[in-house]
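> pasted the sequence and its predicted model underneath.
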Amino acid sequence: MTTQRPWEGRRLHFLGIGGAGMSGLAVVSAALGASVTGSDAAETPYLSRVRAVGISPVMGHDAGNLPGGKDGFQEGDSLEVVVSTAISADNPERAAARERGLRELHRAELLAQVCSLRRCIAVSGTHGKSTTAAMLVRILRAAGLEPSYLVGAELTETGTNAEWGTGEWLVVEADESDRSLLHLHPEIAVVTNLELDHHSTYASRLDLEETMRQFLSQAERVVDWEEPDVGLDADGSRFAWAGVEVHLPVPGRHNALNAAAALETARLAGVEPAVAAAALADFRPAGRRFERVGETESGAAVYDDYAHHPTEVAATLAAARTLNPRRVVAAFQPHLYSRTAALWREFGAALAAADVCVVLDVYRAREDTADWPGIGGRLIAAAAADAAGGRTVAWLPRLDDAEAFLRAQLRAGDLLLTLGAGNVDDLARRIVDFPAYSAGNSTGQR
């Protein structure tokens with residue numbers, strides 16, 4: 001491939017540049033030659049990579065953050081403002097951009113523009129998108145194809161969630177949460193699984209299925225893959241695929257299914273089965289996907305996972321059991337009031353599989369607490385207690401209280417899982433006395 005910079009002279013300003021998806025798009029946009037600026041409400045882990053490529057994000061949202069300022073622009077200003085669904089219409093920078101008549105792009109529109117530059121593989125589905133995409137990138141890199149990628153979590157082997165490679169393939173996650181995947185027309189599309197998760201977007205499972213059918217109809221090729229017969233043990237999983245034996249050194253049947261999807265997708269992209277299977281033999285997880293954070297002074301292992309749906313919680317707890325710990329201890333932070341309102345009973349049932357369970361309050365993200373009276377983590381804690389058969393369930397809304405409780409509870413041989421899509425990973429890192437990694441080099445499994 002050439003090293004052309006097709007977006008040279010383009011000016012892009014990202015609102016919420018510290019998010020997983022927005023930060024990756026900012027990094028790739030800069031690699032394509034665009035002049036990139038941006039802002040976010042607070043510091044995030046993804047901003048270190050943004051700064052590493054020469055972008056200087058501003059903390060806080062203010063109309064003055066727009067390049068040129070309100071009084072410094074001229075008619076025909078070429079600045080484009082990139083937003084995501086999480087950015088409200090009354091955001092001061094967004095409002096100032098409207099006053100200036102600037103072009104506004106949704107994140108998905110910009111992603112579609114990026115995808116048009118390469119042969120695109122889009123990974124969608126309710127669960128496992130980031131892990132499957134990370135596996136696929138690992139396989140393509142091992143095959144010498146040097147792919148570009150935009151993934152919703154940092155890849156352990158590269159230390160970033162986005163990169164503009166020299167090869168012809170581009171791997172992206174196709175997000176169904178706000179129907180933004182419908183902007184994409186990939187060469188290859190794969191759907192890992194389908195389950196109703198984003199209740200503020202979809203009225204029903206049928207609504208979700210129709211959206212996914214439309215997405216798949218826009219792809220040139222769709223991956224058709226079968227669930228393998230999986231053997232699980234403390235060393236991960238094993239299964240046969242395309243005449244070769246696959247060993248995946250990460251726990252959980254769900255990860256074996258992710259691997260099968262990635263392997264079949266790679267085969268469609270031209271990778272030989274033996275090469276693809278060998279690439280996964282030393283696969284390391286993406287960030288916050290059964291990531292080993294470290295160990296407590298008492299000798300308990302601490303893992304963190306992004307699981308934020310009952311199916312994901314159940315699968316992650318089951319994966320933890322395969323490591324044969326003394327006890328599995330779960331600390332769960334619900335994500336979104338809408339999801340909690342719809343699934344609190346299911347969350348309780350899933351969490352009851354832990355020997356000890358801590359439930360924190362809801363991480364509200366883009367939702368307003370006042371709009372959801374009576375909805376909170378206590379509902380999940382009560383449901384977990386009802387299903388736990390006498391095992392300990394603690395309702396501790398604040399991270400500080402959860403940390404104190406867990407420090408008193410954890411013993412040598414225990415395995416603590418912090419679970420959720422909010423900031424519960426902060427709890428994992430606070431409770432660890434002996435970190436498992438440095439400079440992004442995770443030694444954990446998933």
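Right, received. Where do you want to start?
> hey, let's count contacts and neighbours off CA atoms from now on
Fine.
> in contact with the residue sitting nearest the centre point of the chain, which residues?
Closest residue to the average C-alpha location of the chain: G152 at 4.0 Å, with Cα atoms, centre = their mean. The contact partners of G152, taken as Cα atoms under 8 Å, 6 or more residues apart in numbering, are A20, G21, S130, N161, E173.
> taking those residues one by one, which sit in helices?
A20, G21, S130 (DSSP state H).
> which residue ranges of the stretch 51-200 of the chain form strands?
Along the stretch 51-200 of the chain, counting by DSSP state E, counting those that start in this stretch, strands occupy 58-59, 80-83, 103-106, 119-124, 148-155, 160-163, 169-173, 188-191.
> wait, which of the ones you listed is closest to V432?
Among those, strand 148-155 comes nearest to V432, with 20.7 Å by Cα to Cα.
> direction included, what does that closest one pair up with?
Here strand 148-155 has these sheet partners by DSSP bridges: strand 160-163 (antiparallel), strand 169-173 (parallel).
> how about the CA coordinates for the first one, as CSV?
Meaning strand 160-163. Extracted C-alpha coordinates of strand 160-163, given in CSV (Å, rounded to 0.1, in the frame of the first residue of the first chain):
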residue,chain,number,x,y,z
THR,A,160,-3.3,0.9,21.2
ASN,A,161,-6.9,0.5,20.0
ALA,A,162,-6.3,2.0,16.6
GLU,A,163,-3.6,2.0,14.0
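> re the thing from before, any chance of a PyMOL selection covering the buried ones in the contacts of G152?
Buried members of these can be picked out in PyMOL with the line below, counting by 16 or more other Cα atoms under 10 Å:
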select buried, resi 20+21+130+161+173
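> export the contacts of G152 to TSV and tack on pLDDT and distance to A261?
TSV is the format used below for the contacts of G152 (pLDDT from 0 to 100; distance: Cα to Cα, whole Å):
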residue	pLDDT	distance to A261
A20	90	23
G21	92	22
S130	95	12
N161	94	20
E173	96	14
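> so which of the contacts of G152 is the closest to L66?
Nearest member of these to L66, counting by Cα to Cα, is G21, at 20.4 Å.
> how near is T316 to L105?
36 Å (Cα to Cα, to the nearest Å).
> ok, the two, which is more surrounded?
The residue with more neighbours, out of T316 and L105, is T316; 26 against 17, by other Cα atoms under 10 Å.
> list phi and psi for that one.
The phi/psi pair for T316 (degrees, to the nearest 10) reads phi -70, psi -40.
> can I assume it is in contact with A307?
Yes - T316 lies in contact with A307 (Cα atoms under 8 Å); the separation is 7.4 Å.
> closest to Q218 among the contacts of G152?
Q218 lies nearest to E173 out of the contacts of G152, by Cα to Cα, at 15.1 Å.
> show me the contacts for the closest one.
E173 touches A122, V123, S124, K129, S130, A133, L150, V151, G152, counting by Cα under 8 Å, 6+ apart.
> dump the residues you listed to CSV, plus distance to W169.
Formatted as CSV, these follow (distance: Cα to Cα, whole Å):
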residue, distance to W169
A122, 11
V123, 13
S124, 17
K129, 17
S130, 17
A133, 12
L150, 11
V151, 14
G152, 17
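> those residues, buried ones only, as a PyMOL selection?
Command for PyMOL that selects the buried part of the contacts of E173, burial taken from 16+ other Cα under 10 Å:
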select buried, resi 122+123+124+129+130+133+150+151+152
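> how many other residues sit next to F434?
15.
> which residue ranges of the protein form helices?
Along the chain, the segments classed as helices by DSSP H run 20-31, 47-52, 92-99, 107-115, 129-142, 205-217, 253-268, 273-280, 310-321, 337-351, 377-387, 399-409, 425-431.
> any chance of those in TSV, with distance to G231 too?
Listed next are the helices of the chain as TSV, based on distance: least, Cα to Cα, whole Å:
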stretch	distance to G231
helix 20-31	33
helix 47-52	37
helix 92-99	51
helix 107-115	37
helix 129-142	19
helix 205-217	31
helix 253-268	8
helix 273-280	16
helix 310-321	12
helix 337-351	22
helix 377-387	29
helix 399-409	32
helix 425-431	30
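> check the gap between the residue lying closest to G38 once chain neighbours are set aside and A20 for me.
Counting by Cα to Cα, 6 or more residues apart in numbering, F14 is the residue found nearest to G38 once chain neighbours are left out, at 4.3 Å. Using Cα to Cα, F14 is found at 12 Å from A20.
> what's the neighbour count on L32?
L32, neighbours per other Cα under 10 Å, totals 18.
> for it, list the residues it contacts.
Counting by Cα under 8 Å, 6+ apart, L32 touches Q4, R5, P6, W7, E8.
> so which of the residues you listed are in strands?
Judged by DSSP state E, strands contain none of these.
> which residues of the protein score low on pLDDT?
Along the chain, the model assigns pLDDT under 70 to residues 1-3, 69-76, 437-446.
> show me what L105 is bridged to.
Bridge pairing for L105 - DSSP bridges - gives V82.
> just to check, it is in contact with L79?
No - with contacts counted by Cα under 8 Å, L105 stays clear of L79, the gap being 10.8 Å.
> the nearest residue to A89 once chain neighbours are set aside: how many residues sit nearby?
Distance criterion Cα to Cα, 6+ apart; nearest residue to A89, sequence neighbours excluded, is A95 at 7.0 Å. By other Cα under 10 Å, the residues close to A95 number 15.
> gap between A95 and T132?
37 Å.
> repeat that for T85.
As for T85, its distance to T132 is 24 Å (criterion: Cα to Cα).
> now A350: how far from D62?
On the measure of Cα to Cα, A350 and D62 end up 42 Å apart.
> have a look at these two and say which one is more surrounded.
Set A350 next to D62 and count neighbours by other Cα under 10 Å: A350 wins out with 24 against 17.
> so the more buried one sits against T316, correct?
No - using Cα under 8 Å, A350 is not in contact with T316; the gap is 9.9 Å.
> if we can go back for a sec, and T85 and T132? which has more neighbours close in?
Ranked by neighbour count (other Cα under 10 Å), T85 and T132 place T132 first, with 30 against 13.
> residue contacts, that one?
V123, T192, N258, A259, A261, A262.
> can you check D355 too?
With contact set as Cα under 8 Å, 6+ apart, D355 has these partners: R327, V328, V329, A330, R391, T392.
> can we see that at 7 Å?
Counting by Cα atoms under 7 Å, 6 or more residues apart in numbering, D355 touches R327, V328, V329, R391.
> hmm, the first one is touching D414, no?
Yes - because the distance of 4.8 Å satisfies Cα atoms under 7 Å, R327 is recorded as touching D414.
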